[in-house]
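[1] this one's sequence-less:
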């Protein structure tokens, strides 16, 4: 038995032509630990945009029914050399109903159930997913479960990583995001102090409304002073940054160092001995990361990705995290959406330009059967 | 008993005025584990220049006998806020003869001996040093021993750190330096593969002459290709960068990722799973560090400093490293000098402009009694 349905593909040619289009495909029969999911809802996350739009010139793209063709400027095109000529599926996560399974016990146990899954091809009507990564949703709707993996597990991953590293407080930039709001609640539940950096006054109110104690606004004139005070109050020398480009991380390192230096009794040309640790987990800004030489040598910056973290954390930790997501799916881990689109609507100019802006609280949900 | 002699001080005022001058000071009697060293030779290392010259405008400074006054431009002046108004000694390391000691057994055992030491005030005729950090030089001259600490222990520290982290190969930028030449020999002795990056054809010859297997020239048109080939041959996904500013580290991360991606069978939007690790241990370029988003999220960059590394490595490792330096002081760990200057000559315009250029093989040695 095989199943036919619509699926989105994205192809970048060596000459910089990015083609994103819907095709009718035949999905093969699930084997072993695979399940075939009839997809009902899939969010468009910033991590999906990397492959869907990247830095392409979408203002001047050519939009036709179920398709757009855009130009990928340099240096992003040659930076994506490894994908040149490859037709790739897209959509990290989503939710739907299992309509067929492979012959493993784990796969068969999911037959007929609504699940959240991480197929990597979620922008499609049918897709194959790994049963081991499926989360049975019980009575929850597909919309409730569509974003059950990426944001919840990432936010929980930050708290788990902080605890592994002995950090009791952390800084989070672009903190008004859906993920950021989850992190506020997780840190409250886990007794971790959290310094939230946002860019707008209304986001200060939003996070304070969730009970956040420390929210600083990078648009305020006294931003660095606010940040130093919050770091001083919390001892947050650890943090996560989804912006990546520009000076978001640099500002945090600077403020951390200034707090540490203010507590030193003697000047050192090498800066403080306070170790400062930041992780970049996204690229809201695709420009280069700028690190100024203004916080000595006691700092470490890493890229952070969910999958390697989960591998490092181990199966037991991952299962505990998943159960926590399921137990709190409509509270701590609830997602909200600005607009629902089907696969064709997803590729129209107004939709593309809107969701690629990645504005806080304006997430899109793809509903492939609507 | 107290001793009087010349000493160099460096003071940065809040308005950006940097004053470096020689004063006659009275050095207090050594106590406890201290020894009083009559300094005979002290090198000017890049790490000394941070406090001695920094980014000051030395072309337009005012030079008088035993003194210069220069302007520190922004943003470097406000970046050095923590030292404003403080009169600081300078000179990390040097060698001389112990002429008085505190009453600890360790200090007394050094009485009358020639030692290498790390007083932090080595640009002086007399200084107090910690006996625990002194290295008795036996029959070696002060010139042989003057640079026995910073470069040798740093180069050895890289090899130790690599071994602790399970790395069997590393990349080194600006590799023709005195320290870089030591690292070539250390890696040969320890069976570590080393990819040397240099900026001039004559430096390729210099390092090849020492037996270096992989030397790539960043001035060549095919630099990135040379670098990828060397990383591919050695599996060097680990490295040290003394340049700091600009794209020195970025280029290495890029080449590492390109080598890792070339071995992948399937494209991943997140890049390779190969963990890439770099350390910045100097600031030959005082501009910001630029990290482009072109090597996924599997990378970690840290500042690296000798003292915290030695603390982390422990006393036993440090003693083993020191013994190795002493055993090979005139071979693996030999330093050479372009010019010897006394304290007054050290502050003349031609000397200052020359040593602050930090050219490979053009190190200065301060001989305070000449």
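    Yep, it's here. Source: prediction; values computed, not measured.
[2] mind listing what residue A:162 touches?
    Contacts for residue A:162 (Cβ atoms under 8 Å, 6 or more residues apart in numbering or on different chains) come out as A:168, A:170, A:192, A:238. All C-beta spots, glycine's among them, are computed from the backbone N, C-alpha and C.
[3] State the helix or strand in which it lies.
    Assigned by DSSP states H and E, residue A:162 belongs to helix A:150-164.
[4] For the helix or strand following that helix, give me every contacting residue.
    Using DSSP H and E, the helix or strand that follows helix A:150-164 towards the C-terminus is strand A:169-172. Residues outside strand A:169-172 that contact it (Cβ under 8 Å, 6+ apart) are A:158, A:162, A:180, A:183, A:187, A:192-197, A:231, A:234-241, A:252, A:256, A:278.
[5] Let's see that with 6 Å instead.
    Defining contact as Cβ atoms under 6 Å, 6 or more residues apart in numbering or on different chains, one finds that strand A:169-172 is touched by A:162, A:180, A:183, A:193, A:195-196, A:234-236, A:238-240, A:252.
[6] are any of these buried, and which?
    A:162, A:180, A:183, A:193, A:195, A:196, A:234, A:236, A:238, A:239, A:240, A:252 (16 or more other Cβ atoms under 10 Å in any protein chain shown).
[7] which among those gets closest to chain B?
    residue A:240 (12.0 Å; Cβ to the nearest Cβ).
[8] That closest one and residue A:279 touch, don't they?
    Yes. Look at residue A:240 against residue A:279 with Cβ atoms under 6 Å: they come within range, at 5.0 Å.
[9] Distance from the chain centre to the helix holding residue A:162, please.
    12 Å (Cα atoms, centre = their mean, to the nearest Å).
[10] where does residue A:127 land in three-state SS?
    strand (DSSP: H, G, I helix; E, B strand; the rest coil).
[11] show me what contacts it?
    A:37, A:39, A:119, A:121.
[12] Which of the residues you listed fall in helices?
    Per DSSP state H, helices hold no members of the contacts of residue A:127.
[13] Serialize those residues to TSV and add fields for neighbour count, distance to residue A:74 and pLDDT.
    As requested, the contacts of residue A:127 are exported to TSV (neighbours: other Cβ atoms under 10 Å in any protein chain shown; distance: Cβ to Cβ, whole Å; pLDDT from 0 to 100):
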residue	neighbour count	distance to residue A:74	pLDDT
A:37	31	38	98
A:39	30	35	98
A:119	25	32	96
A:121	22	29	96
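[14] What residues does the stretch 1-150 of chain A have near chain B?
    A:50, A:51, A:79, A:82, A:83, A:86 (Cβ under 6 Å from any Cβ of the partner chain).
[15] which one is the fifth one nearest to, not counting chain neighbours?
    When you say that, I think you mean residue A:83. In space, and not counting its chain neighbours, residue A:83 is closest to residue B:267: 4.9 Å by Cβ to Cβ, 6 or more residues apart in numbering or on different chains.
[16] ditto for the first one
    Closest residue in space to residue A:50, ignoring its immediate chain neighbours: residue B:269 at 5.2 Å, by Cβ to Cβ, 6+ apart.
[17] Neighbours of the one you found, how many?
    Residue B:269 has 19 neighbours, counted by other Cβ atoms under 10 Å in any protein chain shown.
[18] Residue A:48 is in contact with that one, correct?
    No. Contact criterion Cβ under 6 Å: residue B:269 and residue A:48 do not qualify, at 9.0 Å.
[19] so how far is the helix or strand of chain A with the lowest mean pLDDT off the chain centroid?
    The weakest-scoring helix or strand in chain A, judged by mean pLDDT, DSSP states H and E, is helix A:76-79 (a mean of 86). In terms of Cα atoms, centre = their mean, the centre of helix A:76-79 is set 22 Å apart from its chain centre.
[20] Quick check: the two most widely separated of the contacts of strand A:169-172?
    A:180 and A:235 (20.4 Å; Cβ to Cβ).
[21] which one of the contacts of residue A:127 sits closest to residue A:91?
    Closest to residue A:91, out of all of the contacts of residue A:127 and judged by Cβ to Cβ, is residue A:121, at 6.0 Å.
[22] Now do the same for residue A:316: helix, strand or coil?
    helix.
[23] Just the local confidence number for it, please.
    Residue A:316 carries a pLDDT value of 94.
[24] so where do the strands sit in the stretch 101-250 of chain A?
    Per DSSP state E, counting those that start in this stretch, the stretch 101-250 of chain A carries strands over the ranges A:114-117, A:126-130, A:135-136, A:169-172, A:193-198, A:214-217, A:238-241, A:244-246.
[25] Residue A:82 is in contact with residue B:260, isn't it?
    No. Contact criterion Cβ under 6 Å: residue A:82 and residue B:260 do not qualify, at 10.2 Å.
[26] of all the contacts of residue A:127, which comes closest to residue A:132?
    Of these, the one sitting nearest to residue A:132 (Cβ to Cβ) turns out to be residue A:119, at 12.5 Å.
[27] sorry, back to before: out of the residues of the stretch 1-150 of chain A next to chain B, list just those in helices.
    A:50, A:51, A:79.
[28] For residue B:367, state which of those is nearest.
    Closest approach between these and residue B:367, by Cβ to Cβ: residue A:79, at 51.9 Å.
[29] With residue A:180 as the reference, measure out to that closest one.
    According to Cβ to Cβ, to the nearest Å, residue A:79 and residue A:180 sit 28 Å apart.
[30] For the residue nearest to residue A:175 when sequence neighbours are not counted, list each beta-bridge partner.
    Distance criterion Cβ to Cβ, 6+ apart; nearest residue to residue A:175, sequence neighbours excluded, is residue A:196 at 3.6 Å. Beta-bridge partners recorded for residue A:196 (DSSP bridges): residue A:172, residue A:215.
[31] Contact partners for residue A:196?
    A:172, A:175, A:207, A:212, A:215.
[32] how far away is the fourth one from residue A:147?
    According to Cβ to Cβ, residue A:212 stands 21 Å off from residue A:147.
[33] out of these two, which sits in the busier spot?
    residue A:147 (30 against 24).
[34] quick one: the more buried one and residue A:43 touch, right?
    Yes. Residue A:147 is in contact with residue A:43 according to Cβ under 6 Å; the separation is 4.6 Å.
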